[in-house]
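In: Coordinates for the following, if possible.
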Amino acid sequence: MKPETLAVHAGYHARVAGDPIMPPVVLSSTFLKPDPEGAGAHSYSRISNPNRDALEQAVAALEGARHGLAFASGVAACTAVLQTLRPGDHVVAAHDLYGGTQRLLTGYVDRHGATVSFVDLHEPVALDAALRDQTRLVWVETPSNPMLHVVALEPIARLARSRGARLVVDNTFMTPLFMRPLALGADVVVHSTTKYLNGHSDVVGGLVLCDDDALAADLRFIQGACGAVPSPFDCFLVQRGLKTLAVRMRAHERGCLAIADALTGHPRVRTVRYPGHPSHPQHAAHVAQADGGGGVVTIGIDGGTDEVRRLMGALQLFTPAESLGGVESLIGHPATSSHRGVPPAQRAAMGITDGVVRLSVGIEHPDDLVADLLAALDGL
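Out: You can find the predicted model right below:
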């Protein structure tokens, strides 16, 4: 089935007369177990729950994965992957990852005897130079958050596999509607379900997906033993959000393209970055592996933090807030939010100046969003 159909039907389907069309929310923490040594479908909701099962199966079907595991946040999902490392292992990570992922990688591996190298991975030769015999994971986002750099996944995946490393791809921005990293050679996909998969800014959650049975068993142990799992109601909300994923992602994309067109060449805008727009420097690489451009536009305005503050104050439809991926449009300032903890020199190397703002473009009418941005920019 096509992704649009899977998003509506995967994970749960009413089968007999009287079945609810939507999966019921199973809030029970524990389940009937008449035989102490018997194995039932569920025993305790930290280990498994019908709503979690349905969500995991739905997103696994969308990503074309054999296994899906849900967690209480995107960071918890990433942490579970890192917990498969051993002391002495090495991670190669893209240099321009989301600030929270950078902090997690640095802090986690340092405390557990592993090491991490942050590398510009836009050319496979850079990865080849960074790989070691001890490298176990290669970690990328494409496009990256917030600068929207694009990494060509297939050559990176081939190189990582040839050296015994797993490629981990954060697919939060693209979603499985626009890109399926496993089909491009990735070994692990992670999502913040807080963002587009839920799509309504009312859930925090994460997911890990893979095909490897042994890795999935390891992650399943970590999931149950550490217990960073989402509630049944949160799983229900994300699965409900999945049903409109296709229409929402196309609406996000329409708004982004209209904004990229309108702001390119504006006298108060220095840069406009959107991977779905022909002006993006890696547009060809993006369209070769993705079916859409996503819902984020990153711009650099003429000025710094003071000008960004005035811009945010003048906007009517873009709400200043962290996070992204909801139906409403948001504006964020990476230098003082998501990447505040990144050293200034490193931020500058990533292109995150004080004038960079990230637009999470919602599903409002594109004309209204463009008018809002132009009015605010013209008033700077």
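In: rest of the way, CA atoms for contacts and neighbours
Out: Fine.
In: Quote the end-to-end distance of stretch 307-327.
Out: Terminal residues of stretch 307-327 lie 26 Å apart, using C-alpha to C-alpha, to the nearest Å.
In: Show me what counts as buried in that stretch.
Out: 307-308, 311-312, 314-315, 317-320, 324-327 (16 or more other C-alpha atoms under 10 Å).
In: same question, stretch 211-230
Out: So stretch 211-230, judged by 16+ other C-alpha under 10 Å, has buried residues 211, 215-216, 219-220, 222-223, 228-230.
In: ranges for the strands of this structure?
Out: Ranges of strands in the chain, per DSSP state E, are 67-71, 90-94, 115-119, 135-141, 166-170, 188-192, 206-210, 269-273, 296-301, 319-320, 330-332, 356-360.
In: what does the second one rub up against?
Out: Looking back up the chat, that one is strand 90-94. The contact list for strand 90-94, computed with C-alpha atoms under 8 Å, 6 or more residues apart in numbering, reads 114-121, 127, 130-132, 134-141.
In: Likewise for the first one?
Out: Identification of contacts with strand 67-71 by C-alpha under 8 Å, 6+ apart yields 52, 55-57, 59-60, 77, 205-213, 216, 219-220, 223, 228-230.
In: For that strand, buried residues please.
Out: Across strand 67-71, burial judged by 16+ other C-alpha under 10 Å covers 67-71.
In: Dump it to PDB, restricted to CA.
Out: What follows is strand 67-71, C-alpha atoms only, in PDB (Å, rounded to 0.1, in the frame of the first residue of the first chain):
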ATOM      1  CA  HIS A  67      10.700  -3.500  14.200                       C
ATOM      2  CA  GLY A  68       9.500  -0.400  15.800                       C
ATOM      3  CA  LEU A  69      10.000   0.700  19.400                       C
ATOM      4  CA  ALA A  70       8.300   3.600  21.100                       C
ATOM      5  CA  PHE A  71       9.800   5.800  23.800                       C
END
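In: before we move on, back to that, put together CSV for the strands of the chain, with mean pLDDT and distance to residue 160 on each row.
Out: Output for those, formatted as CSV (pLDDT from 0 to 100; distance: least, C-alpha to C-alpha, whole Å):
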stretch, mean pLDDT, distance to residue 160
strand 67-71, 98, 21
strand 90-94, 97, 10
strand 115-119, 96, 14
strand 135-141, 98, 7
strand 166-170, 98, 6
strand 188-192, 98, 12
strand 206-210, 98, 16
strand 269-273, 98, 28
strand 296-301, 98, 28
strand 319-320, 98, 39
strand 330-332, 98, 34
strand 356-360, 98, 31
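In: picking up where we left off before, and the contacts of strand 90-94, which of them are buried?
Out: Using 16+ other C-alpha under 10 Å, the buried ones in these are 114-118, 120-121, 127, 130-132, 134-141.
In: just to revisit the earlier point, closest to residue 258 out of the strands of the chain?
Out: Among the strands of the chain, strand 296-301 comes nearest to residue 258, with 10.4 Å by C-alpha to C-alpha.
In: The closest one: how far from the chain's middle?
Out: From the chain centre to the centre of strand 296-301 is a distance of 18 Å (C-alpha atoms, centre = their mean, to the nearest Å).
In: Same question for the helix or strand bottoming out on mean pLDDT in the chain: list its buried residues.
Out: Counting by mean pLDDT, DSSP states H and E, the weakest-scoring helix or strand in the chain turns out to be helix 344-350, with a mean of 82. Of the residues in helix 344-350, 347, 350 count as buried by neighbour count, 16+ other C-alpha under 10 Å.
In: Mind checking which residue lies nearest the centre of the chain?
Out: residue 172 (1.8 Å; C-alpha atoms, centre = their mean).
In: so it sits right up against residue 189, yeah?
Out: No: between residue 172 and residue 189 there is no contact under C-alpha atoms under 8 Å: 9.1 Å.
In: between those two, what contacts are shared?
Out: Shared contacts of residue 172 and residue 189, defined by C-alpha under 8 Å, 6+ apart, are absent.
In: Can you pull out the residues in contact with the least confident helix or strand of the chain?
Out: With C-alpha under 8 Å, 6+ apart, helix 344-350 has contacts from 95-96, 147, 335, 339, 353.
In: so can I have a markdown table of those showing pLDDT and neighbour count?
Out: Converted to a markdown table, those look like this (pLDDT from 0 to 100; neighbours: other C-alpha atoms under 10 Å):
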| residue | pLDDT | neighbour count |
| --- | --- | --- |
| 95 | 93 | 21 |
| 96 | 92 | 27 |
| 147 | 96 | 25 |
| 335 | 91 | 22 |
| 339 | 85 | 22 |
| 353 | 92 | 19 |
